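>>> Sequence first, then the predicted structure, then my questions.
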Amino acid sequence: MAAERRLAPRPGLVMDVDRSTPPILFHHGEGFRLERLPAGRSRIVYPAEPLAGLPDPEGAIRDALLNPLDSDPLPSLLRPGMKLTIAFDDVSLPLPPMKRPDIRQRIIEQVLDMAAAAGVDDVHLIAALALHRRMTEDELRHTLGDRVYDAFAPQGALYNHDAEDPDGMVELGRSAHDELVTMNRRAAESDLLVYVNINLVAMDGGWKSTATGLADYRALRHHHNVHTMQQSRSFMDRPSSELHRSNWRQGEVIKAHGPRIFQIETTVNNNTFGHDGPLAVLQKREWEWSGRDRASFMAMQAGLKAMPVAGRRGVFNRWLAPYELTSVQAGAVEPVHESTTANVLAQHLVPVQGQTDVLTMGLPYICPYNVNSVMNPILVMCLGLGYFFNLYRGRPLVREGGVVIMSHPTRWEFHPAHHPSYIDFFEQLLAETTDPAELEAKYEEQFATDEWYVHLYRTGYAYHGVHPFYMWYWGAHALQWLGRVIVVGGDTRAVRRMGFQPASTLSDALEMASDVVGPSPTITHVHNPPILMADVE
Amino acid sequence: MGIAHDLGVVRLGRRLPSPTRALRARSFPLRAPTVPGGVEPPEALRRTGVYFDTGWSRRWAARMCRAAIVEGPMRAMVQVLASPRREGADRLADLDGAVIFAANHHSHIDTSLLLTSIPEPWRHKIVVGAAADYFFGTRLAGATAALMIGAIPIERARVGRRSADLAAGLIDDGWSLLIYPEGGRSPDGWGQPFRGGAAYLSVRCGVPVVPIHVGGTSAILRKGRTMPTPAEATVTFGAPLRPEDGERAPRFAARIEDAVTALADEVSTDWYSARKRAHASASGTLTGPDVGLWRRQWALDGRRTPPTRTRRWPDL
């Protein structure tokens, strides 16, 4: 059955809820809830089944490198004595981390093999993490493989981008909108910059890879701000995204004054939890759960219930997704990204008719900024109102003034090494105001230039001091759009601190929502993950 | 002798009943018939060497038994003696179905090391090509090898259709094959030229060959020694190779040897340096320089893994 599905994956589905609809799975942090939605006025948006992976990934990568879009083949760009830099997406992609070998390892090994054939000696590899935390050795080994790590890391030729290195950044110029463009010095001064990415969602890739991934705070502030986010409808849809327009303008500067770029972009399918195995049930539609699926789900629930939170987190953090490569394209940034986006949308897009009064979502244990870490309340907000809310094309799934109901434990808990500035942001600033614009105006600069946060970012494994602001801005469009945000099953104090309303059950939450949207509202549940993007007409 | 004689032990022994002597005293049909002159007796059914039947060792019960041996005592022994470092298994991620694993060969421990290193799903559905004249010389030795490591007899002294047909049939049935293309253990620590068996089977059956480099096992139990010495070993899997269109076995065998040579270089330096040398055809050689014996040994010293046995001074 599983094999048949792989061969003929079904597209996404919008299903109206009736009396015979079984309880629906809601992700709930490191656990799950089964919830019944009101019949007759609810619908569920299911993601498409995983598209078939490429039968010969190595061959496809080689073909992309030898037949690039609007570029000479990679081997012809390589020569002895040149400076070659390979930059790659950091630990925030894909989610969850994928099984070995990671796509980036496959690609970078082939790029390096061609560089070796050309006799290139001066090669550096840089994790393009912008203001994210540095990757650990284990994470780099997982991403690039032991062979690449052992060949380059001991000589200092494989390292994390450092946006606060005073000697490590260069200014490339300013865009037509007076946006400063900065870049990692080694990348900027290279004869060729090869960028290797994974496009998990439509937001990723394109000029955002280099203009953001290898930049510093001075350049990022031009598009990582409240105004840009509120003007992006949504930032998952590039033509309607102010975030991308700004990145593309910076890309023009890089094209004019930066290094030659050979962009390699990839897409993966929706096989987040596997066709078989202990979590396979999570990507099946509830009415298709077999006896075995139900038994495994109940056993998983019972096991998780018996474990402490740290144990549950450990179990989920060890999950590696069996993603399969669905496309790989290489060459000039723009044509590559056009092709990549089309391939991402082919997997994620689900047509949906009209908006809804209430949007419900079950938030999982992971978002891009808590890989091998803790999902703190700010990241809960960012995942729900930033990522899930913005996974639309056309119009938001929920009408203006509507309600979003998120399901997540939302514990008052932070990873002290990874998210130190988040703690201060949450405990001090959000106690004063939750207005993104006010936070930006009063405190962003202070956190961004705080020497202690800079020190932790550069020498520890901390996200940059300004990062919690960006997470809050990520939800600015949703905060502006929505009438109310309710969190089911969350820590009451933490939920209230963010300006949201806590509810014990989904029924309570729907009751509370009726205060805003009236009695008997229409409800839409996004059955995400695996990832879907609503194409709202 | 004198005492035994005095005690009458010798005479007693002669008087004791002996089944052999009793049988010899009987005539046909109790004893084997004599051959009349002028006739050629039919050749006895040969059951050793390449004729040893190993079919039983691939049945369910024998496989279970072998899996228990491999995962239990064999893995423990390998861990104690070789402390192996295993690299490159991720290169097999896209493989599906039967595979030919071709490794260089230094020591009897190589097979145990590889059987505990080759990843699933191949580890427990694999046969090992073993020298018919060495491992299948007697029925007891053959049965032991077939049961313990899943050995099948391979003729190495001459080209034989029987062992090739057996190996090809098993590959067609979905069994993977571990084979040492050098044909035997290294006599002096350097490798030997690869023969064409693995390449021939790959071309014939249409399955990929995974080159493997095994390092450090000559320090554990090199040819000619009987007692092992603990040392560190490495197992490095290479990227799968397939014969190109129209490629014949000898040329493909040379490519397999080059791949193992490049892996050896990768182990001793790093992957990127090794790739640069491989592209420049400067990966060195598995077989060592073509010079006198002592100079070969001299050249080997730089590559030899030192034994980890701690040296102890005598108590004075």
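Nice, thanks for sending it over. Quantities reported herein were computed from a predicted structural model and do not represent experimental measurements.
>>> Please name the bridge partners of residue A:349.
Beta-bridge partners recorded for residue A:349 (DSSP bridges): residue A:533.
>>> For it, give its distance to residue A:45.
Distance, residue A:349 to residue A:45, by Cβ to Cβ, to the nearest Å: 11 Å. Bear in mind the C-beta positions are built from the backbone N, C-alpha and C, glycine included.
>>> and if you look at residue A:428?
Using Cβ to Cβ, residue A:428 is found at 38 Å from residue A:45.
>>> More neighbours: which of these two?
A direct count of neighbours by other Cβ atoms under 10 Å in any protein chain shown for residue A:428 and residue A:45 places residue A:45 higher, at 23 against 10.
>>> per-residue pLDDT, the residue in the stretch 401-537 of chain A that chain B sits nearest to?
Residue nearest to chain B within the stretch 401-537 of chain A (Cβ to the nearest Cβ): residue A:530, separated by 21.5 Å. pLDDT, residue A:530: 96.
>>> And for residue B:51?
On the pLDDT scale, residue B:51 is placed at 85.
>>> OK, contacts around residue A:91?
A:97, A:127, A:129, A:132, A:133, A:135, A:139, A:143, A:371, A:372 (Cβ atoms under 8 Å, 6 or more residues apart in numbering or on different chains).
>>> does it sit in a helix or strand, and which one?
Per DSSP states H and E: residue A:91 is located in neither a helix nor a strand.
>>> Could you measure from it over to chain B?
Per Cβ to the nearest Cβ, to the nearest Å, residue A:91 is found 18 Å from chain B.
>>> Check residue A:394 too.
Between residue A:394 and chain B the distance is 39 Å, computed by Cβ to the nearest Cβ.
>>> who touches residue 184 in this structure?
Let's take chain A. Residue A:184 sits next to A:87, A:126, A:128, A:161, A:168, A:169, A:170, A:214 when contact means Cβ under 8 Å, 6+ apart.
>>> Let me rephrase: I mean chain B.
Going by Cβ under 8 Å, 6+ apart, residue B:184 touches B:105, B:131, B:156, B:192.
>>> and of the contacts of residue A:184, the nearest to chain B?
The shortest approach to chain B among the contacts of residue A:184 belongs to residue A:126, at 15.7 Å (Cβ to the nearest Cβ).
>>> quick one: secondary structure of the closest residue to the closest one other than its chain neighbours?
Using Cβ to Cβ, 6 or more residues apart in numbering or on different chains and skipping residues adjacent in sequence, the residue nearest residue A:126 is residue A:87, 4.7 Å away. Classification of residue A:87 using DSSP: H, G, I helix; E, B strand; the rest coil returns strand.
>>> burial measure for residue A:87, as a count.
A count of nearby residues for residue A:87, using other Cβ under 10 Å, gives 27.
>>> Now do the same contact list for residue A:136.
Residues near residue A:136 by Cβ under 8 Å, 6+ apart: A:372, A:461.
>>> any idea of the pLDDT on it?
96.
>>> can you check residue A:491 too?
For residue A:491, the model assigns a pLDDT of 97.
>>> So what's the residue count around it?
By other Cβ under 10 Å, 18 other residues sit near residue A:491.
>>> ok, back up a step: filter the contacts of residue A:91 down to just the ones in strands.
Among those, DSSP state E puts residue A:127 in strands.
>>> Show only the entries of the contacts of residue A:91 found in helices.
Mapping the contacts of residue A:91 onto helices (DSSP state H) picks out A:139, A:143.
>>> can the contacts of residue A:91 go into a markdown table with extra columns for distance to chain B and neighbour count?
Listed next are the contacts of residue A:91 as a markdown table, based on distance: Cβ to the nearest Cβ, whole Å; neighbours: other Cβ atoms under 10 Å in any protein chain shown:
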| residue | distance to chain B | neighbour count |
| --- | --- | --- |
| A:97 | 14 | 22 |
| A:127 | 18 | 22 |
| A:129 | 23 | 23 |
| A:132 | 25 | 25 |
| A:133 | 25 | 27 |
| A:135 | 18 | 24 |
| A:139 | 16 | 19 |
| A:143 | 12 | 27 |
| A:371 | 20 | 21 |
| A:372 | 20 | 19 |
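>>> Between the contacts of residue A:91, which sits nearest residue B:244?
residue A:143 (31.9 Å; Cβ to Cβ).
>>> now the helices for the stretch 101-250 of chain B?
B:109-115, B:132-135, B:139-149, B:161-172, B:197-205, B:218-221, B:249-268 (DSSP state H, counting those that start in this stretch).
>>> Just the residues contacting the longest one, thanks.
Under the contact criterion Cβ under 8 Å, 6+ apart, helix B:249-268 has outside partners A:147, B:87-88, B:102-104, B:181, B:191, B:193-196, B:198-200, B:202-203, B:209, B:211-213, B:215, B:234, B:236, B:238-239, B:241, B:243-244, B:273-275, B:277-278, B:283-286, B:303.
>>> Check the first one too.
If you take Cβ under 8 Å, 6+ apart as the criterion, helix B:109-115 is touched by B:70, B:74, B:77-78, B:81-82, B:84, B:101, B:103, B:123, B:126, B:128, B:149, B:178, B:180, B:185, B:212, B:214, B:217, B:220-221, B:228, B:233, B:235.
>>> Counting only strands, which of these make the cut?
Residues of the contacts of helix B:109-115 located in strands (DSSP E): B:101, B:103, B:126, B:128, B:178, B:212, B:214, B:235.
>>> Which members of those residues additionally contact chain A?
Subset of the ones in strands among the contacts of helix B:109-115 in contact with chain A: empty, counting by Cβ under 8 Å from any Cβ of the partner chain.
>>> Just put those in CSV and tack on neighbour count and pLDDT.
Rendered in CSV, the data for the ones in strands among the contacts of helix B:109-115 read as follows (neighbours: other Cβ atoms under 10 Å in any protein chain shown; pLDDT from 0 to 100):
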residue, neighbour count, pLDDT
B:101, 24, 97
B:103, 28, 96
B:126, 22, 96
B:128, 23, 95
B:178, 26, 96
B:212, 24, 97
B:214, 28, 95
B:235, 27, 96
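>>> Count the residues that sit near residue A:444.
23.
>>> In space, what's closest to it - neighbours in sequence excluded?
Excluding its sequence neighbours, the residue lying closest to residue A:444 (Cβ to Cβ, 6+ apart) is residue A:469, at 5.1 Å.
>>> contacting residues around the host helix or strand of that neighbour?
Residue A:469 is part of helix A:467-474, with elements assigned from DSSP H and E. For helix A:467-474, the surrounding residues in contact (Cβ under 8 Å, 6+ apart) are A:131-132, A:220, A:224-226, A:229, A:369, A:378-379, A:381-382, A:385-387, A:419, A:421-422, A:425-426, A:436, A:439-440, A:443-444, A:447-448.
>>> what comes up buried for stretch A:9-25?
A:9, A:12, A:13, A:15, A:17, A:21, A:24, A:25 (16 or more other Cβ atoms under 10 Å in any protein chain shown).
>>> do stretch B:175-185 as well
The neighbour-count check on stretch B:175-185 (16+ other Cβ under 10 Å) flags B:175, B:176, B:177, B:178, B:179, B:180, B:181, B:182, B:183, B:185 as buried.
>>> Kindly indicate which of those residues lies nearest chain A.
Taking Cβ to the nearest Cβ as the measure, chain A sits nearest to residue B:176 out of those, at 20.2 Å.
>>> wait, what's in contact with the closest one?
Counting by Cβ under 8 Å, 6+ apart, residue B:176 makes contact with B:98, B:99, B:100, B:101, B:118, B:122, B:125, B:126, B:127.
>>> got the residues of the stretch 1-150 of chain B near chain A?
When proximity is defined as Cβ under 8 Å from any Cβ, the stretch 1-150 of chain B approaches chain A at B:87, B:88, B:90, B:91, B:93, B:94.
>>> Turn these into JSON lines, columns for pLDDT and secondary structure.
Converted to JSON lines, the residues of the stretch 1-150 of chain B next to chain A look like this (pLDDT from 0 to 100; DSSP: H, G, I helix; E, B strand; the rest coil):
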{"residue": "B:87", "pLDDT": "93", "secondary structure": "strand"}
{"residue": "B:88", "pLDDT": "94", "secondary structure": "coil"}
{"residue": "B:90", "pLDDT": "93", "secondary structure": "helix"}
{"residue": "B:91", "pLDDT": "94", "secondary structure": "helix"}
{"residue": "B:93", "pLDDT": "92", "secondary structure": "coil"}
{"residue": "B:94", "pLDDT": "91", "secondary structure": "coil"}
